[in-house]
Each structure stands twice: as structure tokens, then as C-alpha cells.
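J.: Got a sequence here, can you model it:
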Amino acid sequence: SSIDDKGEAPTVDMQQEAFNQLTDLVIQFLSAPNPVSKFKKMMEVHGCRARQRIKAIHTLRGALSSIKLESCKISILSSWSTPFRQYSAYPRSEVEKLAPRGSHYLRNIESSGPKLITAVHDEVTGLYRELSCSIRDNDVSEQMK
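T.: Here you go, the predicted structure:
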């Protein structure tokens, strides 16, 4: 019973239709061959992928914070360039069409559970916070920025 785009509450018929659609989806899921085992396997894969992302980004953050030579930091960030490229479903220019595509850091881990998703998010936001601090640092070269 939320409010729609026009600011109006859904009617009883709209609520019934939504409930029927949800019921149909549940029945379709349960009637599929081995739905629970497939879903469990997907959850395991997403969980493993989320843990790998946490470890990789944590390792990257540790390496960047321990290395003092900017040229080494630039080299590390260059090798990670594709994941840091802007993700857009539709390229806005000819250059974007040719550039390697990244993707959202939460993509393909949706079924890993809220704790792992939050941990991945925390690592990524920590990394970006550290990178943004280095941009504001007057002692950092323009090449690093």
C-alpha cells in the first residue's frame, strides 16, 4: 500500500493484481525442476564472488597505502583501470563506445546476502574515499590525480 507516481494509493484491484502476480512467480519458481538447489548454488557462487571482491579491494587498499612511490601507485591503478571506468548502459560518445567497459561493483553478487554486500560496499567506498583524499592532497602530483 505505497503511493504511486501520481501520489495516489493503489486500489484494492491493483493490490490484488500485484498479489496474484507474486503468487504466480512463486508457483512458477517452485514448479521448476530443482529450483531450490539451483538457487542455493547461485547463492554460493555469489557469496564466493563477494568474498573475492572484498579480499581483492582490501589488498589493493593495503598496497596503495603502503607504497610511497607514486609511479608504483599509478602502475597499480592502471592495471585496475577497467573496473574503475564509468559504467553506463548506453555509451554517450564515440570514445565511450571504444573504451573497455567496467561494471557495477555489486553486480553478480546480489544473492550473497546483506552482510557480504555491505562488506563489499564498505571496501569500495573506503577505496574511493582514500583516492578522493589523495586528489585533494597538495603533495600529490598531477599525474597521480
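
J.: Which residues does stretch 42-49 contact?
T.: By Cβ atoms under 8 Å, 6 or more residues apart in numbering, the residues outside stretch 42-49 that reach it are 108-113, 116. Glycine gets a C-beta too; all of them are placed from N, C-alpha and C.

J.: try it again with 6 Å
T.: The contact list for stretch 42-49 (Cβ atoms under 6 Å, 6 or more residues apart in numbering) reads 109, 111-112.

J.: buried sites along that stretch?
T.: Buried positions in stretch 42-49, judged by neighbour count with 16 or more other Cβ atoms under 10 Å: 46-47, 49.

J.: Give me the phi and psi for residue 104.
T.: Main-chain dihedrals, residue 104, degrees, to the nearest 10: phi -70, psi 140.

J.: For burial, what's the neighbour tally of it?
T.: Close neighbours of residue 104, defined as other Cβ atoms under 10 Å, add up to 10.

J.: next SSE after the longest helix along the chain?
T.: If you go by DSSP state H, the chain has its longest helix at helix 35-66. Next helix or strand after helix 35-66 toward the C-terminus (DSSP states H and E): helix 70-79.
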